[in-house]
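>>> Show me the folded form of this:
(chains A and B, ligands or ions: 3)
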Amino acid sequence: MTRESTATVSTEELPPSPALPASEKRTIRLDGATVRLAGDSGDGMQVVGGQFTNTSALHGNDVATFPDFPAEIRAPRGTLAGVSGYQVQFASRDIFTPGDTLQALVAMNPAALVTNVKDLEKGGILIVNEESFKAKDLKLARLDANPLEDGTVDDYRVIKVRLDTLNREAVREVEGLSSKLQDRCKNFFALGLIYWLFGRDIEPTLRYVQDKFGSKPEVAAANERALRAGWYYGETTEAFDHSYQVEPARLAPGTYRNVMGNQALAWGLVTAARLSGKELFCGSYPITPASPVLEELSALKHFGVRTVQAEDEIAAICSAIGAAFGGAMAVTSSSGPGIALKGEAMGLGMILELPMLVINIQRGGPSTGLPTKTEQSDLLQAMFGRNGESPLPIIAARSPSDCFEVALEAWRIATRFMTPVILLSDGYIANGSEPWAIPDVDDLPPIPVEHPPAKANGQPFLPYERNERLARPWALPGTPGLMHRVGGLEKEDVTGNVSYDPENHQHMTNVRAARVAGIAGDIPPQAVDGPARGKLLVLSWGGTFGACTSAVDECRAGGLSVAHAHLRYLNPFPANLGEVLAAYERILVPELNTGQLRMLVQSRYPRECVGLNKVKGKPFTVSDVVFKIRELVA
Amino acid sequence: MSYSRLESWWRRVGLGRGESASNGDAPVALAEPPPGDVDDRTGEAKPVPEPAAPVDLPVLKAADFASDQDVRWCPGCGDYAILAQMKKMLPSLGVPRENIVFVSGIGCSSRFPYYMNTYGIHSIHGRAPAFATGLKAARPDLMVWVITGDGDGLSIGGNHLMHAIRRNLDINIVLFNNRIYGLTKGQYSPTSPLGKKTKTSPMGAIDNPLHPLSIAIGCEATFVARSIDTHIKHLEGVLRRAAEHRGTAFVEVYQNCNVFNDLAWQYASDRQTKSEHTIELEHGAPLVFGKNGGKGIRLNGLEPEVVALGNGTSEADLLVHDERAPEPSLAYLLSRLRYEDGFPEPIGVFRAIDAPRYEEELATQVDSARRRSGEGDLNALFNSGETWTVP
Ligand SMILES: Cc1ncc(C[n+]2csc(CCOP(=O)(O)OP(=O)(O)O)c2C)c(N)n1
Ligand code: SF4
Ligand SMILES: [Mg+2]
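Ligands and ions are numbered 1, 2, ... in the order given. Alright, predicted model coming up:
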């Protein structure tokens, strides 16, 4: 570990865990580390990665994660295509990304080793299951030579573990377990070893195992034994003469939990419904990586949530529009291909001027693309992916916990301006997790929603009469005297009657655009982190927040003049964005696409921007961004 | 009449005081004469004698259901008659106008909601059942009608139609079948017969037609019926039965597009021939048709056949209609009786059974989740699982 030299050597004992004795070996204190657990997609790496994350968060570290898995549920075993990995950075300071390089890597098979080892820093710890490097394993990974012997791992501290045998020995005494089920516990053995290495408490995972496998006591017992055996292996093996300790981070006071992006989003939606006195309706069709939103919401029926798993994405959004007409807080969630199907109905929602949320958890495109990988390439689809002049507000989450805030803000805008709002997240945020300072719901500001009252005077109701924000009334079926018809044909202003009048169409087009543009007056001005003017502004949006923040911090710490503005509002842009851009000599726009925000900014403001663009299905590393900043200002 | 109908409406939306009316009550006879007379040309209702006024509720007339918009269908279009029967029938239900929503797709037929003084959504092509699904799921208290066409409902929207029917939401779907794309000016539709020559099939259509009722029954619709635009009394009765049905009611109406597909249903609507070419279904009655009721449908094994009554063949030999048969095979068989195969085409209610309704099941799940876990508490949700506190 590169940080070892700067770390203080501690003779302190590990915090006592009731589940285990304290380690008798010495510990070395680090300010943070990045670990990746990699194996076959059937090896349960996501499960133990999630456990390591939770335990680290409970330990008080700041954490950031990057689960990375293939689109196939079980690609052929042992192949390169089937490798699944889970990366966690945990630290005693604030962190914003899952880390660029690894200090420790667990590789359960040769395929996992060769696909991941290049991310391990020189001298880093490489833990391998040496029993999975037989000729047949090498063949499955299409390797001619054994990477443990051909020089591939020469630069690392290799810890070879007879994981198959040790695990079997550990679980042998549990009765009623097939050898297949015995072998399934290997991931918990590896987790136990990593827990020892980083001084983690095994208690939370023991609770998880009981919770998860309680109905199958033999499976619970075996996983528990494997976990403990892994820990003891670390304590007894001569390969390690010390373990590492990462102190809790100095987070702001409060109660925290670990949240994943899609979970925070679903909770934000339920909260927004409560704050506006509405019941939540979600019409969606399963798609990676958006399905967990529908799944989370389906489990929250006791909050009055109604979910419809529609027959396709078109029906999903149409059901949401129907529910919005009925007065519900309506949402539909999907990913790029599904959003493409929703295009026509989004246009209808726009012209009906009904509040609702259209959520896009972006993934690698085009077409089916890279379903399980991340990308930011649907921004222009969100802006322009509809026929006709049909502007919609767009708002983007920047991190897993930010999904909560963004859900509230999107619904606030939707109801204040009577419009569908597009909420962008991405696979990286959706599956990633981080500590979240749990808010007290009673402290959250309400989202007031008004419906016009019944009318008894016989005067016609005017569904397209607008208020000062150009928003029309949200009149609900069931209200006497407000009967009215909405539809996709152009509406006459004020009356809402079908109109083919050329002047009216021009007017309505202008009004719809002005209404969305007016949102700029209702959102906070764009904040800038760093010097208020100077050489370089990094302008980012969405899930690249962490990498850009860390990169700018690092460069400023190194004495460079660089500022950072991260956009939450993509349409309309904050009112002061033009001034912000004018204050810097150069503007760098890093994006996981080929330059979509850059195109929007350049077309709107008289500023040339430099792009940093990548579409590899992976998030930016901090060094990707640092490298580019240095190139521009050093 | 109005009062008791409204009572049942309140019960249906969960606001009733008494016991819920058991489903499977004797169906309202379709033959019941309508309270007024009707202008034959437009199908508009002539003044209707007012039913006895209930004390506390306004009595609505057909005209109260007319919106202030000019109706823009071609003169002579069959859509007028359907609109007229709808406006005539609705007041008898006693459901307040503000509790009714008409949802449509795109097509001539789908302009329908603009002409009704109720709430309405003229949506996008083919998707009306999906809008209705969300609306009804969110607002079970509303009476929701879906108006669709043969292209709208069976071509672009076939998938949604199928799924709305299988969910059995308490909605009413009326498909105006004119066997043509009217609004786009005369291309062949999924119900156009083989060989139909249109602008896009100048050498004749080679796509096998779909049969709306066969599809609905294939999806196990709980209510399936058919009527004809010109057969106004019958149509009004069928619409009322659909409205009264709890669950998805699917109604096909033979509708004449006199501009692009005139006389497509002439065999079934012509005064001279309709008794030979259609057969009015009546629950519990044998399938009799023909000028003087002289013919019937008999089952020969699994094959239906037309028989003449007399000469040793009596009504006792005929197939007896059972709209409440849980098994849909017989209804399916009826939906396959086709004029082109030498059969009279059944009109009336093919099937009317009771089955759980989606929006009620959904509401029940919400209720039972609340009973089981208590009313959702956000603070408790956020603090569930593992948390830690930084002092
Ligand atoms: C997405 C889309 N595709 C095509 C159309 C054009 N279109 C409008 S109505 C229609 C067919 C309508 O036929 P039908 O449902 O039978 O209704 P009718 O006009 O006969 O009542 C078509 C193809 C459209 N409006 N939207
Ligand atoms: S085109 Fe046909 S269906 Fe459309 S309004 Fe005219 S007659 Fe009616
Ligand atoms: Mg048609």
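
>>> Look up the pLDDT of the residue in the stretch 101-250 of chain A that chain B sits nearest to for me, please.
For the stretch 101-250 of chain A, the residue closest to chain B is residue A:204, as judged by C-beta to the nearest C-beta, at 5.9 Å. (Glycine included, C-beta is placed from N, CA and C.) With respect to pLDDT, residue A:204 scores 94.

>>> swap in residue B:16?
Reported pLDDT for residue B:16: 44.

>>> that older thread, so the residue of the stretch 101-250 of chain A closest to chain B: helix, strand or coil?
Under DSSP: H, G, I helix; E, B strand; the rest coil, residue A:204 falls in the helix class.

>>> what's the closest non-adjacent residue to it?
Nearest in space to residue A:204, with sequence neighbours left out and distances taken as C-beta to C-beta, 6 or more residues apart in numbering or on different chains, is residue A:55 at 5.0 Å.

>>> Within the helices and strands, which one has that neighbour?
For residue A:55, the host element (DSSP states H and E) is helix A:45-58.

>>> roughly how far out does that helix sit from the chain middle?
16 Å (C-alpha atoms, centre = their mean, to the nearest Å).

>>> So for whichever residue of the stretch 151-300 of chain A sits closest to ligand 1, what's the pLDDT?
Of all residues in the stretch 151-300 of chain A, residue A:285 sits closest to ligand 1, at 18.5 Å by C-beta to the nearest ligand atom. Here, the pLDDT recorded for residue A:285 equals 98.

>>> Likewise for residue A:361?
98.

>>> again, but for residue A:458
80.

>>> who touches it in this structure?
The neighbourhood of residue A:458, defined by C-beta atoms under 8 Å, 6 or more residues apart in numbering or on different chains, consists of residue A:481.

>>> Same check on residue A:570?
A:379, A:382-383, A:394-396, A:424, A:541, A:597, A:600.

>>> Now do the SS call for it.
strand.

>>> what's next to the helix holding residue A:55, contact-wise?
Against helix A:45-58 from outside (C-beta under 8 Å, 6+ apart): A:35, A:37-39, A:63, A:65, A:67, A:69, A:84-88, A:90, A:108, A:187-188, A:190-191, A:194-195, A:198, A:200-202, A:204-205, A:208, A:246, A:256-258, A:433, A:435, B:386, B:388.

>>> What's the first helix or strand after that helix?
In N-to-C order, the element after helix A:45-58 by DSSP H and E is strand A:62-68.

>>> helices and strands around the next helix or strand after that following strand, which ones?
Scanning forward in sequence from strand A:62-68 by DSSP H and E, the next helix or strand is strand A:83-91. For strand A:83-91, the elements it packs on are strand A:32-40, helix A:45-58, strand A:62-68, helix A:110-116, judged by 3 or more C-beta pairs under 8 Å, 6 or more residues apart in numbering or on different chains; DSSP states H and E.

>>> Mean pLDDT added to those, as TSV?
Formatted as TSV, these follow (pLDDT from 0 to 100):
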stretch	mean pLDDT
strand A:32-40	97
helix A:45-58	95
strand A:62-68	94
helix A:110-116	96
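
>>> ranges for the helices of the stretch 351-500 of chain A?
In the stretch 351-500 of chain A, the helices defined using DSSP state H, counting those that start in this stretch lie at A:379-384, A:402-417, A:427-431.

>>> shaky segments in chain B?
B:1-57 (pLDDT under 70).

>>> That one against ligand 2: which residues are in contact?
B:73-74, B:77, B:79, B:108, B:178, B:182, B:257-260 (C-beta under 6 Å from any ligand atom).

>>> Looking at the residues you listed, which are in helices?
Taking DSSP state H as the definition of helices, those contribute residue B:79.

>>> which among the residues of chain B next to ligand 2 end up buried?
B:73, B:77, B:79, B:108, B:178, B:182, B:257, B:259-260 (16 or more other C-beta atoms under 10 Å in any protein chain shown).

>>> Tell me the bridge partners for the residue positioned nearest the centre of chain B.
Nearest residue to the geometric centre of chain B (C-alpha atoms, centre = their mean): residue B:251, 2.7 Å. When assigned by DSSP bridges, residue B:251 has beta-bridge partners residue B:174, residue B:225.

>>> Where does pLDDT dip in chain A?
A:1-18.

>>> can I assume residue B:199 is in contact with residue B:181?
No - using C-beta atoms under 8 Å, residue B:199 makes no contact with residue B:181, being 9.4 Å away.

>>> residue boundaries of the helices in the stretch 201-350 of chain B?
B:212-218, B:232-244, B:266-269, B:274-277, B:329-335.

>>> Check which helices and strands the last one is in contact with.
Helix B:329-335 is packed against helix B:212-218, strand B:345-352, with contacts defined by 3+ C-beta pairs under 8 Å, 6+ apart.

>>> who does the last one touch, helix- and strand-wise?
Under the contact definition 3+ C-beta pairs under 8 Å, 6+ apart, strand B:345-352 sits against helix B:212-218, strand B:223-228, helix B:232-244, strand B:278-280, helix B:329-335.

>>> quick one on the thing from earlier: nearest approach to ligand 1 belongs to which of the helices and strands packed on strand A:83-91?
Of all the helices and strands packed on strand A:83-91, strand A:62-68 comes closest under C-beta to the nearest ligand atom, at 38.3 Å.

>>> and residue 192, which of the three is it?
In the absence of a named chain, chain A is used. helix.

>>> um, chain B though
Put simply, residue B:192 is coil when judged by three-state DSSP.

>>> Run a quick neighbour tally on it.
25 (other C-beta atoms under 10 Å in any protein chain shown).

>>> Quick check, it in contact with residue B:210.
No - applying C-beta under 8 Å as the test, residue B:192 and residue B:210 come out as separate, 9.8 Å apart.

>>> Quickly note the distance from whichever residue of the stretch 151-300 of chain B sits closest to ligand 3 to chain A.
Residue of the stretch 151-300 of chain B nearest ligand 3, by C-beta to the ion: residue B:178 (4.3 Å). In this view, residue B:178 and chain A are 21 Å apart by C-beta to the nearest C-beta, to the nearest Å.

>>> which non-adjacent residue is nearest that residue?
Closest residue to residue B:178 apart from its sequence neighbours, by C-beta to C-beta, 6+ apart: residue B:257 at 3.9 Å.
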